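J.: dropping a prediction and its sequence here:
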Amino acid sequence: MMAVFNLFRTKFKAYLPLIKSLQTGLLLATGVAGYMSAHGPLNLPLLLSLAGSLFLAISGSTILNMWYDCDLDTVMNRTHNRPLASGTITRREALALGLVFSLAGVGWSFTLNSLYGFVVLAGLFFDVIVYTIWLKRRTSWSILWGGISGGIPILAGRVLATGRIDLVGLLLMMAVLFWIPTHILTYTMRYFEDYQAAQVPTFPSRYGFEGTRAIIALSAIIAAASIGVAGVMIGIQAGALRLMIVLSAGLLLLSAATVFRPSEQVNFSLFKYASIYMLASMVLLSL
Amino acid sequence: MKLSPLNRILLLLTCLLAAYQVVDGINGLENIPIIAYTIAFGVLLVACLLIIILGLEVLNSRVVVMFSTIIPLSLSSGLVWQHVASLRTAYLVFAIAGYLAVLVTRSINLPIKLSTVILAVVHGVAGLVVFLLPSILAARGETHPGFALIGLGGAMIGLGGLLLYFLKTGRPIVSREIILSILPALFLLMTLSFVAGFMLS
């Protein structure tokens, strides 16, 4: 009995980094916020099912990404310690786990609502097939598809609550889509040599650091505008709207600093601030 | 100087208090005080977030003076608008003109003395208003006694400003390490006083 428990604990410890818990947690939070943004009567079992199905689908696609990109992770300093790249877990194990999580997540989604199921399936398709397998090694613009798949959880949450794809849902998805470049592009600048070594096309290698900073700033502004318009359309409370304006002003200031007073410190602060901003916005949309 | 976990928690609590004040603490007021208090607590919130992200070194930046002046100026503008009807417009003009003067004198090459005098006048007047106005109103019984807590917060923000000023001029009263290590606690106590004062008013 103890041996089984120890084996389970060892495996759990090894598998946990595969799902990138912070990233998955943040995407899950957007999904829950999308659901709460409808401000309908709280259906706790449905909300828990949303969280469960999204967790499985997001984790599944993350594991499949890591499975497919194992060769890249091996040559990059930032990622060579990941469980697959370091050999802690075999590729076969990861593929099996990724498929089980993905199928379970999508299957569960379809039992809740067919449109919700299609949206979750689309997210998985865009992330694994279009972004990771098809475009990531071919063009720096692949992040657009990575961004779309990142925006799917919030749209899915909204779809499950309202039963349709509406303008607010699309605006919320756009907010996440434009938030993602601040995340990924900051990484591609910070770990430029890594990406060069792995021969992954990136914005810094295609458009230079200056151009990339401008794109990050513009993306942050569009993300803030999208979430602001969505907030107004949802009819969030005046106080929440005030706080959203305050946080957006901070984001705009940092974006301007990224362009006009560029430094690694400013870039990194925008990257961190944008994550806090997104999380705070999700909470405010739910109020 | 790296932030200790305790200081991170203190700054995070300050952020949450400032966020609460923006979301819920100023409902039902007139438009001008709402805007003024939103700016004051908003700047405090974003500043604390940036300190959490970048560390206390961010306080060495030249723009800190420009941003830190906003807090007492907007807070005092809101207080005057709410409680001294006869001085509403005059004080608002002073606040806007004063802030523009600080911005201009800090952005272009002027004799250091002139920019320091302007900063001292603008910051000093605003700080005194935040400290004295709630204290006087509470002492006269025109508001709830708890309203005086805003004055206490004003005194703390003044103390923080003085410590930073002496630090920046290279003549710190106490060592740089001590100043930087007590600032997060000072920010939290100050914000707590403001929020409690507004809640009780």
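T.: In hand now; what should we look at?
J.: all helices for the stretch 51-200 of chain A, in order.
T.: Using DSSP state H, counting those that start in this stretch, the helices found in the stretch 51-200 of chain A span residues A:70-75, A:83-86, A:91-112, A:114-124, A:142-162, A:167-190, A:192-197.
J.: turn the ones you listed into JSON lines, columns for distance to chain B and mean neighbour count.
T.: Quick note: C-beta positions are derived from backbone N, CA and C, even for glycine. Below are the helices of the stretch 51-200 of chain A laid out as JSON lines (distance: least, Cβ to the nearest Cβ, whole Å; neighbours: other Cβ atoms under 10 Å in any protein chain shown):
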{"stretch": "helix A:70-75", "distance to chain B": "27", "mean neighbour count": "16"}
{"stretch": "helix A:83-86", "distance to chain B": "28", "mean neighbour count": "19"}
{"stretch": "helix A:91-112", "distance to chain B": "32", "mean neighbour count": "18"}
{"stretch": "helix A:114-124", "distance to chain B": "30", "mean neighbour count": "21"}
{"stretch": "helix A:142-162", "distance to chain B": "21", "mean neighbour count": "25"}
{"stretch": "helix A:167-190", "distance to chain B": "13", "mean neighbour count": "22"}
{"stretch": "helix A:192-197", "distance to chain B": "22", "mean neighbour count": "16"}
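J.: can you list those in TSV and add mean pLDDT?
T.: Listed next are those as TSV, based on pLDDT from 0 to 100:
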stretch	mean pLDDT
helix A:70-75	88
helix A:83-86	84
helix A:91-112	96
helix A:114-124	97
helix A:142-162	94
helix A:167-190	90
helix A:192-197	88
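J.: neighbours around residue A:9, how many?
T.: Around residue A:9 there are 10 other residues, counting by other Cβ atoms under 10 Å in any protein chain shown.
J.: so it versus chain B, what's the distance?
T.: 27 Å (Cβ to the nearest Cβ, to the nearest Å).
J.: look at that residue and give its secondary structure.
T.: Three-state assignment for residue A:9 (DSSP: H, G, I helix; E, B strand; the rest coil): helix.
J.: ok, it - contacts?
T.: Contacts for residue A:9 (Cβ atoms under 8 Å, 6 or more residues apart in numbering or on different chains) come out as none.
J.: how many residues are close by the residue nearest to residue B:148 when sequence neighbours are not counted?
T.: Once flanking residues are discounted, residue B:148 sits nearest to residue B:138: 3.8 Å by Cβ to Cβ, 6 or more residues apart in numbering or on different chains. The number of residues packed near residue B:138 is 21, by other Cβ under 10 Å.
J.: list the buried residues in the helix or strand where residue B:138 lies.
T.: Taking DSSP states H and E as the definition, residue B:138 sits inside helix B:112-139. Residues B:115, B:118-119, B:122-123, B:125-127, B:129-131, B:133-135, B:137-138 are the ones in helix B:112-139 that count as buried (16 or more other Cβ atoms under 10 Å in any protein chain shown).
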